[in-house]
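Asks: Sequence and computational prediction follow.
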Amino acid sequence: MAFADLTGDLSYWQKQTKPLFADLAWNIPEQKTGRLGLIGGSSQGFNFTIRTAEFIDRTFPVRDLSILLPATLRTKLPPLPNLNFAPATDTGSFAQSPLLSEFIAANDYALITGDLSKNSATAIALATALTPADHQTEPPRVLLARDTIDLLAPNMEQLLTNPDLTLFASSAQLQKVFRAVYYPKMIMLSAPLLPILEAIHKFTLTYPATILTFHEGQLITARDGRVITTPLTDTDYSLISLWSGELAAKVAAFNLYNPTKPLESTTAALLYR
């Protein structure tokens, strides 16, 4: 893949100090609509996935909200209509199964919440499910969050070709992604803001995915070379609550309702209250 050249100016950079895409918040549907699926959990933990689903159910008018967990958790949870289970490995995380790709395909948008354990079999299973089969005309619309980024970093070369992929990653996780694809412009955790913005700008000119990350007090959203920064102090989040699952849930819901505006949806979610 050819690497895009930098423009040499900062015209790609916007600063969000007040909502840039307020219309997306105003246009959240009044009637329940859309199918949103959450995938996550392992024998080591699943509460995060359940809590994220509960937050979405309280906050957004989603018509069909469903959860996919590894089958090892079946006996630990009551039977509920929105709970689904897929085959598990011996260690209690997702095993390779057509149910993963079928679940993703059955939903309009998928959020992979994390708590997946460090399991190579699960990494292969999810990477396979997230890679469109030859007969599919559209790639899956999906948000990867928390430890999902670490687990799937070795598979990012194939995943990042999906224009409907959003990565919600820490700076350290984004550094792993850059390294995994041998990207020549590295993310340096000690770098000031501007070199990070330039690297992300160039990266999103090369790969069509949407990026959401955090550095130097700024939430950074990027796509197609455009970069938008939002001060963390202008949001409802702290350095800890940023990763609580609520923001990932908001980003997923906004993308569910606005399928043709991934950058705008992800950016608008940051200031949604």
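Replies: That came through fine. Numbers count the residues shown, from 1 in each chain.
Asks: Ramachandran angles for W13?
Replies: Per-residue torsions, W13: phi -100, psi 120 (degrees, to the nearest 10).
Asks: Is the residue nearest to it when sequence neighbours are not counted in a helix, a strand, or coil?
Replies: In space, W13 comes closest to V227 once its chain neighbours are excluded; the distance is 5.0 Å by CB to CB, 6 or more residues apart in numbering. Heads up, the C-betas are built off the backbone N, CA and C, glycines and all. Here V227 is recorded as strand under DSSP: H, G, I helix; E, B strand; the rest coil.
Asks: For V227, name its beta-bridge partners.
Replies: Note on V227: beta-bridge partners W13, A222, judged by DSSP bridges.
Asks: Isn't it up against T221?
Replies: Yes: if you go by CB atoms under 8 Å, V227 and T221 touch, sitting 7.5 Å apart.
Asks: Tell me which of the two has more neighbours.
Replies: Set side by side, V227 and T221 show more neighbours around T221, with 30 against 23, by other CB atoms under 10 Å.
Asks: The more buried one against S265, yeah?
Replies: No: here T221 lies out of contact with S265, judged by CB under 8 Å, at a distance of 9.5 Å.
Asks: And the helices in the stretch 101-250 of the chain, which stretches?
Replies: Assigned by DSSP state H, counting those that start in this stretch, the stretch 101-250 of the chain shows helices spanning 120-130, 147-152, 156-159, 171-180, 193-206, 246-257.
Asks: Quickly compare those and say which is most buried.
Replies: With neighbours taken as mean count of other CB atoms under 10 Å, these reach their highest mean count in helix 246-257, at a mean of 25.
Asks: quick one: the strands in the chain?
Replies: Remark: strands assigned in the chain by DSSP state E are 13-15, 33-40, 62-70, 83-86, 109-114, 142-145, 165-168, 210-215, 218-223, 226-231.
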